[in-house]
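Chemist: Sequence and computational prediction follow.
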Amino acid sequence: MSLARLLRSPDAVAGFVILGLLGAMALAAPLLFPGDPLAIAGQPLLRPFQDWALPLGTDRLGRDVLAGLFHGARTSLAVGLAAAAASILVGSIVGTIAGFAGGLVDEVLMRITDAFQTVPGFLLSLALVSVVGPSLGVVVMAIALSAWTGPARIARAEVLSIRERDYVASARVIGMHPVEIAFREVLPNALPPVLALSSVIVAAAILTEAALSFLGLGDPNRVTWGGMIAEGRAVLRSAPYLSVIPGIALVLAVLGVYLAGEGVVEGTAARERQA
Amino acid sequence: MHAPIRGNASMNRTFRLLKRRLVGAIPVLLIVVIGSFLLLEAAPGDAVDAYVASVGGDAGMIEALRQGWGLDASPMTRLAAYLWALLHLDLGHSVAFSRPVRDVVLERLPNTLLLMGAATALSFALGTALGIVAGARPGSARDRALSIGSLALYAVPGFWLALVLTIVFSVELRWLPLSGMETIASGKVGFARALDVARHMVLPVTSLGLIYLALYLRMMRAGMAEVWRMDFTRAARARGIGRRRIVLSHVARNALLPLVTMLGLQSAQMLGGSVVIESVFSVPGLGRLAQEAVGSRDTPLLIGIILVSAALVIVINLLVDIAYAALDPRVGASEASA
């Protein structure tokens, strides 16, 4: 897709600017705030814009809010991207196998997908983190566990139409192994509509991670925006800024992902209409 | 061929649909149960540990209980015993409450249903109405503003919206109560009590409802854009029918039907969303119970909540399907739809 077309949509530009800033924050966090963001930096409950060494103030324990915001961006983006990648990977593999194999395999895999969609995803994530214990990897797995079903359904629907095409038939004729056909010929062609969904999945993953940390189920050794909001809740009356600031960061991050994603999808669709 | 009596035919259709859906739900529920069993097995400690931790007992009794409950048997036998217990609606024993899981869950269920029902009504009604406003003139300034606004709302985490609403309406303005389901020991009865509960539910329902409003708005708008392009809409315009009437009785009406399906699909997500909302407002419902179960490491209770939620989602989807079939005569006429 041409960059020029993308730049014509103000929404997409806003989305990419937000994402770029967040990415920069995440990358710069260890350089600008090399210390442990969970360490005490100054007097507790310092309000924002009072002390230029601590521009956004401090929380109940005297931890630097701005440092938390930067390091939180790291966690949010890392978990969001990893969980989305895992769900798309698992979903497209399951969808490809179901659609390509058909018959009993398809039936069993789709009933499993139904079952996962029947259980409220957040409860499933909650249960997994609660049973296995909170760490970054488990949180990523827990989110992926409840998010792979969407990609699986789309991939399956796409595979069902692709497997009847001529190039798949010719691959069969030249004696290619069915597994090879499924993963080398069919899956790559089924991916575009699945990837079009990725911004929605990343956004949902960021929100789920935040909700888990808010309930105290995030990795305890990392700063998360959800955890910061939960921390601020204890002093909601006297220091509402502690809950509000990380929340704004969250909203901007998710909005950025949505806008950028819509921009890319629309841009691709426009190109396809022209071609 | 004689035309069948309409009422009878639609009754038959509904019955057939119901039967097909119920049969289809069985394998799905079975997979959910097996998944729950695996999670229970993965958790440290077993049902006897849970029971003894809350009720007490010595080593001999523990051994006897394990044998009695079949926990010393092979995994397959244990799964069979678990299924057998579930068939008798026995969801196990809650450590944290020292009571059967079923009783604790059933106690909390009505509060969650009230919260979900009200939030769904709010998001559906308001979302659809705003969607009609946006879709009446696609591409207009009003449409653009509503699209951006709904996207922004979609990006807001539910628990954070709940906290911000609390700061504004409970802490600063002091208009609404901070948390809980009703004023404790108020002694209110009848209408006064209902009013008290309603006041307590305003913020939780608004927080939960607003999050999902964007979905209905966007879906309604997209559906209307589709209908605008159809021939009968053009024909209506060519016939010189007023725009307001075309929007309401042709475009919006035809775009509304798919949203009904969304009500069912959305129920699982809303149950998940109610966990954080109930936690913020201390609403004693299923979601808050899930958080308590996590806090006290009460895995049997958490699994019980998951099973009940899954059953609830299946029932809600069933009801939505029936409603949809009643609204759209095309459904169920052929057996092809799945």
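Modeler: Nice, I can see it.

Chemist: which residues in the stretch 1-150 of chain B form helices?
Modeler: Per DSSP state H, counting those that start in this stretch, the stretch 1-150 of chain B carries helices over the ranges B:6-42, B:47-55, B:59-68, B:75-87, B:101-136, B:141-154.

Chemist: Including mean pLDDT, could these go into TSV?
Modeler: Listed next are those as TSV, based on pLDDT from 0 to 100:
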stretch	mean pLDDT
helix B:6-42	81
helix B:47-55	69
helix B:59-68	74
helix B:75-87	82
helix B:101-136	91
helix B:141-154	87
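
Chemist: between those, which gets nearest to chain A?
Modeler: helix B:6-42 (3.7 Å; Cβ to the nearest Cβ). To be clear about C-beta, it is placed using only N, CA and C from the backbone, and glycine gets the same treatment.

Chemist: now the closest one: how far from the chain's centre is it?
Modeler: The chain centroid and the centroid of helix B:6-42 are separated by 17 Å under Cα atoms, centre = their mean, to the nearest Å.

Chemist: between it and helix B:75-87, how big is the angle?
Modeler: Angle between the axes of helix B:6-42 and helix B:75-87 is 140 degrees (criterion: axes from the mean of the first three to the mean of the last three Cα atoms, to 10 degrees).

Chemist: And helix B:6-42, what does it pack against?
Modeler: Using 3 or more Cβ pairs under 8 Å, 6 or more residues apart in numbering or on different chains; DSSP states H and E as the contact test, the elements touching helix B:6-42 are helix A:103-118, helix A:121-132, helix B:75-87, helix B:299-327.

Chemist: Select, out of those, the one closest to A:A210.
Modeler: helix A:121-132 (11.5 Å; Cβ to Cβ).

Chemist: How about the closest one and chain B, touching?
Modeler: Yes - judged by Cβ under 8 Å from any Cβ of the partner chain, helix A:121-132 and chain B are in contact via A:121-124, A:126-128, A:130-132.

Chemist: For chain B, give the residue positioned nearest to chain A.
Modeler: Chain A sits closest to B:G272 of chain B, with a gap of 3.0 Å, by Cβ to the nearest Cβ.

Chemist: Mind telling me what element that residue is part of?
Modeler: helix B:253-281 (DSSP states H and E).

Chemist: quick one: average confidence on stretch B:172-186?
Modeler: In this model, stretch B:172-186 carries a mean pLDDT of 77.

Chemist: Contact partners for the residue of chain B closest to chain A?
Modeler: Counting by Cβ atoms under 8 Å, 6 or more residues apart in numbering or on different chains, B:G272 makes contact with A:120-123.

Chemist: quick check, B:I241 in a strand?
Modeler: No - counting by DSSP: H, G, I helix; E, B strand; the rest coil, B:I241 is not part of a strand but coil.

Chemist: From B:G56, how far off is the residue lying closest to A:A190 once chain neighbours are set aside?
Modeler: Distance criterion Cβ to Cβ, 6 or more residues apart in numbering or on different chains; nearest residue to A:A190, sequence neighbours excluded, is A:E158 at 3.9 Å. Distance, A:E158 to B:G56, using Cβ to Cβ, to the nearest Å: 57 Å.

Chemist: can you pull the pLDDT of residue 165?
Modeler: Using chain A. Confidence score, pLDDT, at A:R165: 84.

Chemist: Oops, wrong one, chain B.
Modeler: pLDDT, B:L165: 91.

Chemist: Am I right that it is in contact with B:T206?
Modeler: Yes - shown here, B:L165 and B:T206 form a contact pair, counting by Cβ atoms under 8 Å, at 6.4 Å.

Chemist: Flag every buried residue along the helix holding B:G272.
Modeler: Using 16 or more other Cβ atoms under 10 Å in any protein chain shown as the test for burial, helix B:253-281 gives B:254-256, B:259, B:262-264, B:266-281.

Chemist: what's next to whichever helix or strand comes after it, contact-wise?
Modeler: Next along the chain after helix B:253-281, taking DSSP H and E as the criterion, comes helix B:286-295. By Cβ under 8 Å, 6+ apart, the surrounding residues in contact with helix B:286-295 are A:123, A:126, A:130, A:215-217, B:94, B:96, B:104-105, B:108-109, B:111-112, B:271, B:274-279, B:282, B:298-299, B:301-302, B:305, B:308-309.

Chemist: on that earlier part again, let me have the residues of helix A:121-132 next to chain B in a markdown table, extended by neighbour count, pLDDT and distance to A:E180.
Modeler: Converted to a markdown table, the residues of helix A:121-132 next to chain B look like this (neighbours: other Cβ atoms under 10 Å in any protein chain shown; pLDDT from 0 to 100; distance: Cβ to Cβ, whole Å):
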| residue | neighbour count | pLDDT | distance to A:E180 |
| --- | --- | --- | --- |
| A:G121 | 22 | 90 | 33 |
| A:F122 | 27 | 92 | 38 |
| A:L123 | 24 | 92 | 39 |
| A:L124 | 24 | 91 | 34 |
| A:L126 | 28 | 90 | 40 |
| A:A127 | 27 | 90 | 37 |
| A:L128 | 21 | 90 | 34 |
| A:S130 | 25 | 87 | 41 |
| A:V131 | 21 | 87 | 38 |
| A:V132 | 16 | 87 | 35 |
